[in-house]
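J.: Okay, predicted coordinates and the sequence, questions at the end:
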Amino acid sequence: MGTTQLESVPEPKYWHLKTVIGEALDSDFAVGEILPNERDLAARFGVARATLRQALEQLELEGRLQRRRGVGTTVAPPRMGVDVSTTQHAWPGSAQDAWQSFDCSRAVPPPAVARLLGTAAEEETYTLRRLRVTHGQPVAAEQLYVPASSVPELSAIDAPPGPARARAVLRELQRLELDGQDRAVELGSARADDARELDRLPGAPVLIVTTRYFSRGRTAAVIMATYRADTCRLTFGDSGDVQISHHGEERRAS
């Protein structure tokens, strides 16, 4: 990574420095490589550490860098495309599913999820926790809520809580005829449990994708997926038919 003279640059120093570092990331660094520490970088570019931090923070927001606890600042892999169109027509757990299930329990879902499912306020659902990993790093965590009425045969299956029960729930979902699905996207902040699974700090910006699956004229399952905003970008397929939510408002995007 070379040096540059920043004294006479008309734009903010941190913004120009961000551009210089970004070019160096393309030419001099590999995905996953650890950057030199802040003191060395600040000395190399002849800037204050506060200016350097601003540049690094902007590169992190743009998904070029990742700050990993106990490791340092590393070069991020290319952002993963997340298809939020409604052109896909498959239950979670199908052959093309990229998620890894690691837990399943029965619990009362949050009120907002219960309303989407149309279940009673205190009615338990099967709650699956799943993780999506790319380049060895977790990029998204999700909770899949399935009412017992959607998988009535499951009660006869002797599957202990955990991954085995998660696989059993997913297998039973495949037996249903999928009528359709819809998705809504909103910007949010990482909750403590999602932040832990995604190796982020609580409150970090995330993209929350809510998916409803319909079968036999009712909502058969709901997914709340939390994507790292710094490593993911949304794609809309051919239809571009997705609901985008922000501060409680929703609109159709096309």
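T.: Arrived safely, thanks for sending. If you're wondering where the values come from, they're calculated on a predicted model, not measured in any experiment.

J.: Residue 218 and residue 131, how far apart?
T.: Residue 218 sits 28 Å away from residue 131, going by C-beta to C-beta, to the nearest Å. Glycine gets a C-beta too; all of them are placed from N, C-alpha and C.

J.: okay, the two: which has more neighbours?
T.: Taking neighbours as other C-beta atoms under 10 Å, residue 218 and residue 131 compare with residue 131 leading, 16 against 12.

J.: Apart from its chain neighbours, what residue comes closest to that one?
T.: residue 100 (5.1 Å; C-beta to C-beta, 6 or more residues apart in numbering).

J.: mind listing the helices for the stretch 51-200 of the chain?
T.: 111-117, 163-173, 192-197 (DSSP state H, counting those that start in this stretch).

J.: What is the neighbour count of the nearest residue to residue 174 once chain neighbours are set aside?
T.: Leaving out its chain neighbours, the residue that sits closest to residue 174 by C-beta to C-beta, 6+ apart is residue 91, at 5.6 Å. Here the number of neighbours of residue 91 (other C-beta under 10 Å) works out to 20.

J.: so who does residue 91 touch?
T.: 170, 173-174, 176, 178, 213, 221 (C-beta atoms under 8 Å, 6 or more residues apart in numbering).

J.: coming back round to it: so the residue nearest to residue 131 sits against residue 134, correct?
T.: No: between residue 100 and residue 134 there is no contact under C-beta atoms under 8 Å: 11.5 Å.

J.: wait, what's in contact with residue 172?
T.: Listed by C-beta under 8 Å, 6+ apart, the contact set of residue 172 reads 150-151, 153-154, 157.

J.: go with 10 Å
T.: 91, 93, 126, 146, 150-154, 157 (C-beta atoms under 10 Å, 6 or more residues apart in numbering).

J.: Next one: it from residue 139, what distance?
T.: Applying C-beta to C-beta, the value for residue 172 to residue 139 is 27 Å.
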